[in-house]
Structures are given as C-alpha cells and as structure tokens.
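# turn this into a structure:
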Amino acid sequence: MTGEAAVRIARLRLLAQIARHPSAILLLVQILALLAYPFFEGTHAGSAVLSVLGILVLLLALRMVNRTAGHLRLLFALALAVPALVLSLAATVGGQATLLPWAAALESLFYFHAASCLVAYMLADRRATRDELFAAGATFTLLAWAFAHLFALCQALQPGCLAAAVNPQAPRSWTELLFFSFVLLSSTGIGDIIPLTPHARAIASFEIFIGVMYLALVVSRLIGLTLLDLRAPRPE
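Predicted structure coming up:
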C-alpha cells in the first residue's frame, strides 16, 4: 500500500467516525462558540462573527434534527431556522435593532425544538450508544442557548428586567445571558445576575425546573443503560 493510499484510507476512516458521532461535532462547536463569544463581543465586526457562529450552530442543530426527527419535525425546524437566520443577521449586522425580539423568539423556539428532537433520539431505545452520550451534552447546550435567547427576548420587551453588580441598569450582553442560562440550567446558583420582573423570574424558575428534570430523567437514564450494558455478559 502506497503512502497516498494510506492517507486516503485514514481520511475515510475519520469521515466515518464523524458520521457515526454527529452529536460530538455539535457539542464541540457549541463549546468553541461559548469560549469564543467574549473575544468578539462589543464591536461591529464582533457582531458579525457572533452571527456567523450562531448560524453555524443553527445549521449543525438542523443537521441533528434531520438525522433524529421525521419529515414534519424537519419542516417545522426549517420554518423556524430560516427566518431566525434572516432576522438575526438583519438585527446584528444590518443594525435593525427592532428585529431583535423577533429573532430571539424564533431562535429560542428553534433551539427548544432541536433539543426536544435530541431527547426523543436518546429515549428511542434501551441502549446507550456513544453518540447518545455526546447527544446528552449537546442537548444541554441547546437548552442553555434556548433559554439565553428567551432571556434576550424578555430583556428586549422589558428593559431592566435583569440586574447585575456591574452596570445594574445596562442591558445584559449575550455572554452574560448565556452564563446566566448555564448557571440556572445546571442548578449551581444564580451568579451575579438577578431577575427583577415577574416574567424574568418565571423564566428563571422554569429553566431551573427543566435543568433538574433533564438531569433526573434523561441523563440518569443514559447512565443506567450504560451501566447495564457494561454488566451484561459478553458472548465467548
């Protein structure tokens, strides 16, 4: 076997591994986006980069919906994703700030829909595959993104609904909203951001409930199935 043929085979094997674990790719991109947001926030060029990152995450989430859901769910996801992308670009890059609430609402619905498709995918059988374990992490990040967009919508409709120790009256940035969402979803506290209005507090309470139920029902089930699979007798 020549060196060129060996390289081609290695590439094909890598592509096969990626095809078998698309949830891992979605999770990796979500984590990279989470780490990259602080470096690009606050400038016009940064807004464009954030929009590109958001589009990439949306497309990957749509790919997962296509893989795990039926045609009706895919059509519903497309009906949410396409206008969400257009409105998000118009609001961040085009400077049409009045479109931000609409973009946030559609993106929140899309991420909730994508997360529900991944949950259905993980609950579809009684065997925990490696891709389903990656899907557990990807679903958690999708839920965090969904609630962050929901808080962005609440903030656009009720300015000052979220206060913080630094600049209490200023609108919270996307990085702050995402941090707040992760803190609530993981039930590790509330951080330095406090919901002030009844609507913001209701969303925060609902996110805490969803986070607890997700860990208790979905993640614990996957862990249990993984342990059962490890304890199952192997054929000799």
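
# state the distance from the nearest residue to Leu99 once chain neighbours are set aside to Arg221.
Counting by CB to CB, 6 or more residues apart in numbering, the nearest residue to Leu99 once its immediate chain neighbours are dropped is Ala91, at 4.3 Å. Every residue, glycine included, has its C-beta placed from N, CA and C. According to CB to CB, to the nearest Å, Ala91 and Arg221 sit 39 Å apart.

# so the two - more neighbours on which side?
Between Ala91 and Arg221, counted using other CB atoms under 10 Å, the more crowded position is Ala91 (21 against 15).

# OK, contacts around the more buried one?
Ala97, Thr98, Leu99, Leu100, Ala103 (CB atoms under 8 Å, 6 or more residues apart in numbering).

# for these, which one is nearest Leu80?
Distance ranking of the contacts of Ala91 against Leu80, using CB to CB, places Ala103 first at 11.1 Å.

# so Glu207 sits right up against Ser186, yeah?
No. Taking CB atoms under 8 Å as the contact criterion, Glu207 and Ser186 are not neighbours in contact, 9.9 Å apart.

# more neighbours: the two, which one.
For Glu207 against Ser186, the residue with the higher neighbour count under other CB under 10 Å is Glu207, and the figures read 25 against 16.

# now name the helix or strand holding the more buried one.
Using DSSP states H and E, Glu207 falls within helix 198-213.

# okay, buried residues for that helix please.
Along helix 198-213, the positions that meet the burial threshold by neighbour count (16 or more other CB atoms under 10 Å) are Ala200, Ile203, Ala204, Glu207, Ile208, Ile210, Gly211.

# against Thr98, how distant is the first one?
Applying CB to CB, the value for Ala200 to Thr98 is 21 Å.

# over to the fifth one?
According to CB to CB, Ile208 stands 31 Å off from Thr98.

# also the fourth one?
In this structure, Glu207 and Thr98 are separated by 26 Å, where distance is defined by CB to CB.

# now do the phi/psi pair for Gly160.
For Gly160, the backbone dihedrals are phi 90, psi 10 (criterion: degrees, to the nearest 10).

# for it, grab the count of nearby residues.
Residues near Gly160, counting by other CB under 10 Å, number 13.

# for it, which non-adjacent residue is closest in space?
With CB to CB, 6+ apart as the criterion, Gly160 has its nearest non-adjacent residue at 5.9 Å, and that residue is Gln169.

# tell me the secondary structure for the one you found?
The three-state label for Gln169, taken from DSSP: H, G, I helix; E, B strand; the rest coil, comes out as coil.
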